[in-house]
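Engineer: have a look at this prediction, sequence included:
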Amino acid sequence: MKKRLLLSILAICVLAAGCEALPASMLPASSNTGGQVSSFMLIYPYDGQHLALSAMCDVKSEASNNNKVRAVSLLVNSSIYRHDTFSEIYTSANVYQPWTPKEPGTYILQTILEDSAGVQISSNAITVYVDDTSEEPAVEIVEASPAEEDEEECPDPIATTHSYVNCRSGPGTAYEIIVGLKLDQSFPLLARSTSGRWWMIERKTSGAVCWIWAELAEICGNIDDVKIDHKQEMDETQEQEEPTEEPTEEPTEEPTKDPGSGPTTS
C-alpha cells in the first residue's frame, strides 16, 4: 500500500531542465479506453511563447493513466523529435523532454503518451515562435574620404603657411614682394596659377591679394572649384621660393626684405 502511494505521486524527469513551468492554458486531453481513464497535457512552453534560437528548453507534459505510462514522444511540426521509454512504468508522471530549435520560425509542439497496453493518447498542441536574438541590425559605416573631410572642415578653401613665405604681386619670383608671411598663418584661397605652382590668397588685414609658392602652404578644403588665373607666370629661377629672413612683425603692407636677385635654395 505504501509503495503504491509513493508511485502515484512520483514525478519522472527524462532530463533535468532550466525552464520554469507555467500554468496550463488548455484543458488536458483525456480518454476512456476500456474503463481506464487517462489524461495527458503539454503544459510548457505555453501557447504563443517566444523562445530564443539555439537555447535548450524542456517541453513538460503531465501524464496520468490508470493503465500506466510506458513512453512519451515529442512531436515538432508533426514529426517525431524524440521518443523516451521509461525504465519503470508509472500511473502518473511529469515528463521533461529537451528540445533545441536550430532555426528561427514558427513551431507546433505536441506530445504523445503510450500506455502499457500500447494505446497512444495525444496531448494538446501548442504554437511557439523562435526568434534569432543574436542578429543585430547591420550598421553601415561610411568612412569619409580626405576630400569630404576637408570640405566639412573648410567649406571654403584655405591656405595655411608651414614656412616663412614671400607673398608676391604675381605668380613667380620675378614679381614684387608685397609682404612676408609668418609660419602657421591661414588665408582664403582665391585662385591658382595655370601650372598649379602658385596660389592667390586674400590677406586678412587689408583684403588685398598676393601670390605664394604652393609648396610652402597646406590647403584645407576642396580646390576643384578654385578658379585658374591666367596671369603670366614669371620665375627668375625654378628654385623653391622662400624668404631668407624670418618676418619679425605681423604682415603689413610693406614687403619683407627681398633675398637679393631671387630666392635662395632650400
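Structural biologist: Here it is on my side, so go on.

Engineer: need phi/psi at Glu215.
Structural biologist: phi -70, psi -10 (degrees, to the nearest 10).

Engineer: which strands and helices lie in contact with the helix or strand where Ala159 lies?
Structural biologist: Using DSSP states H and E, Ala159 maps to strand 158-161. For strand 158-161, the packing partners by 3 or more CB pairs under 8 Å, 6 or more residues apart in numbering; DSSP states H and E come out as strand 186-192, strand 217-220. C-beta coordinates here come from the backbone N, C-alpha and C atoms, glycine included.

Engineer: which one of those strands lies closest to Val226?
Structural biologist: In terms of CB to CB, the element of the helices and strands packed on strand 158-161 nearest to Val226 is strand 186-192, at 5.5 Å.

Engineer: as a whole number, average confidence for the closest one?
Structural biologist: Per-residue pLDDT over strand 186-192 has a mean of 91.

Engineer: only alpha carbons, please: show that strand as CSV.
Structural biologist: The C-alpha coordinates for strand 186-192 follow below in CSV (Å, rounded to 0.1, in the frame of the first residue of the first chain):
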residue,chain,number,x,y,z
SER,A,186,45.8,81.0,-42.8
PHE,A,187,44.3,82.9,-45.7
PRO,A,188,41.3,82.4,-48.0
LEU,A,189,42.4,80.7,-51.3
LEU,A,190,41.1,82.7,-54.3
ALA,A,191,42.8,81.3,-57.4
ARG,A,192,45.7,79.2,-58.7
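
Engineer: make a markdown table out of the helices and strands packed on strand 158-161 and add distance to Asn94 and mean neighbour count.
Structural biologist: Below are the helices and strands packed on strand 158-161 laid out as a markdown table (distance: least, CB to CB, whole Å; neighbours: other CB atoms under 10 Å):
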| stretch | distance to Asn94 | mean neighbour count |
| --- | --- | --- |
| strand 186-192 | 80 | 19 |
| strand 217-220 | 74 | 17 |
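
Engineer: quick one: closest of those strands to His162.
Structural biologist: Closest of the helices and strands packed on strand 158-161 to His162 is strand 217-220, at 5.6 Å (criterion: CB to CB).

Engineer: next SSE downstream of the closest one?
Structural biologist: As assigned by DSSP H and E, the chain's next helix or strand after strand 217-220 is strand 227-228.

Engineer: same question for that following strand, mean pLDDT?
Structural biologist: Confidence for strand 227-228, expressed as mean pLDDT, is 90.

Engineer: model confidence at Pro137, what's the number?
Structural biologist: In this model, Pro137 is scored at 53, pLDDT.

Engineer: format the helices and strands packed on strand 158-161 as a markdown table; extra columns: distance to Thr111.
Structural biologist: Shown next, in a markdown table, are the helices and strands packed on strand 158-161 (distance: least, CB to CB, whole Å):
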| stretch | distance to Thr111 |
| --- | --- |
| strand 186-192 | 78 |
| strand 217-220 | 72 |
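
Engineer: hang on, the earlier thing: following the strand holding Ala159 in sequence, what is the next regular element?
Structural biologist: strand 165-168.

Engineer: what helices and strands are in contact with that following strand?
Structural biologist: strand 177-181, strand 209-213.

Engineer: still on that earlier bit, quick one: which of the helices and strands packed on strand 158-161 is nearest His230?
Structural biologist: For the helices and strands packed on strand 158-161, proximity to His230 was assessed by CB to CB; strand 186-192 is nearest, at 9.6 Å.

Engineer: and the next helix or strand past that closest one?
Structural biologist: Counting by DSSP H and E, the element that comes right after strand 186-192 along the chain is strand 198-202.

Engineer: that next one to strand 186-192, inter-axis angle?
Structural biologist: Here the directions of strand 198-202 and strand 186-192 differ by 130 degrees (axes from the mean of the first three to the mean of the last three CA atoms, to 10 degrees).

Engineer: between the helices and strands packed on strand 158-161, which gets nearest to Thr161?
Structural biologist: Nearest to Thr161, of those and by CB to CB, is strand 217-220 at 5.3 Å.
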